[in-house]
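Asker: With the sequence up front, the predicted model follows.
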Amino acid sequence: MSETQEIACDYHEDQSFKGEKLIYPAASRNKEPILQVLKRFILCDNDQCDHEVPLFLEVASGSGQHLAHFAPHFPHVKFQPTEVDENLLGSISYYAQTCPTKNILPPKQVDICAKLSNYGFKENSIDYIYNANMITYGPYSKDGVITPESNVEFHASLKSRNPLWGIRDINDLVKLAEQNNLSLIDTVEMPANNKTLVWKKD
Ligand SMILES: C[S@@+](CC[C@H](N)C(=O)[O-])C[C@H]1O[C@@H](n2cnc3c(N)ncnc32)[C@H](O)[C@@H]1O
């Protein structure tokens, strides 16, 4: 990379940069609490995994900060960042290349609405799939009730931008997961009225 700039930006700003090291304030705040959850669920003993070197795939890596924070804590795991927005691949690459434990692969451009096999991932090749602030970590409603008021407003603002967006209800996600052989095994309360949902393949 010829030039590295540190650019702080929020999620909803225009991100028409290439090749810079991006810093999302939200990712800076939540990376440590999320790491503490991962430490409970990532196996230390590779014998229990399907693969000698377990593969951890991140959906929607954004700036790339999260894996940069997690990877040094799990040197026995290989991390694969992915992101649909090609403008973000430069920042993700920067974090991958500068990771001291060298266990972050170059990012792949992946639209998670498509099949992972379209991107060369073989069936049962991935041991862990992680996502933050697109669906699996973030605010949720339960039994149709959104709390607190700030999340009600966030839901309304998402809906006004795109009727398909919005805070998801955990019950709906459980139903969808069941259709895909996934079970919700834990719901972890996180700072700032967020939750981490932990799913396991049946
Ligand atoms: C709020 S950001 C979260 C980024 C990062 N996970 C974090 O927590 O800092 C949401 C990200 O989802 C990505 N995204 C949106 N739709 C996607 C899709 N269909 N497939 C993959 N990524 C997607 C966006 O490009 C954006 O980088």
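Answerer: Looks like it arrived, so ask away.
Asker: Could you pull out the helices in this structure for me?
Answerer: 25-41, 65-70, 89-97, 149-161, 170-179 (DSSP state H).
Asker: Go through the ones you listed and pick out the most buried.
Answerer: Among the helices of the chain, helix 65-70 has the highest mean neighbour count (mean count of other C-beta atoms under 10 Å), at a mean of 23. C-beta coordinates here come from the backbone N, C-alpha and C atoms, glycine included.
Asker: what's the burial count for Ile104?
Answerer: Neighbours of Ile104 under the rule other C-beta atoms under 10 Å: 27.
Asker: Please report how far the closest residue to it other than its chain neighbours lies from the ligand.
Answerer: Distance criterion C-beta to C-beta, 6 or more residues apart in numbering; nearest residue to Ile104, sequence neighbours excluded, is Ala96 at 3.9 Å. To the ligand, Ala96 is 14 Å away according to C-beta to the nearest ligand atom, to the nearest Å.
Asker: Ala96: what's it in contact with?
Answerer: Applying C-beta atoms under 8 Å, 6 or more residues apart in numbering, we find Ala96 in contact with Gly64, Leu67, Ala68, Pro81, Ile104, Leu105, Pro106, Pro107.
Asker: Between the helices of the chain, which one is closest to Pro54.
Answerer: In terms of C-beta to C-beta, the element of the helices of the chain nearest to Pro54 is helix 25-41, at 11.8 Å.
Asker: Which residues of the chain lie near the ligand?
Answerer: Residues of the chain lying close to the ligand (C-beta under 6 Å from any ligand atom) are 11, 24, 27, 59-63, 66, 83-85, 88, 110-113, 132-134.
Asker: run the last query once more with 8 Å
Answerer: 11, 15, 24, 26-27, 30, 58-63, 65-66, 82-85, 88, 110-113, 131-134, 137 (C-beta under 8 Å from any ligand atom).
Asker: Turn the buried ones among those into a named PyMOL selection, would you?
Answerer: Listed next is the PyMOL selection for buried residues among the residues of the chain next to the ligand, using 16 or more other C-beta atoms under 10 Å:
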select buried, resi 15+24+26+27+30+58+59+60+61+62+63+65+66+82+83+88+110+112+131+132+133+137
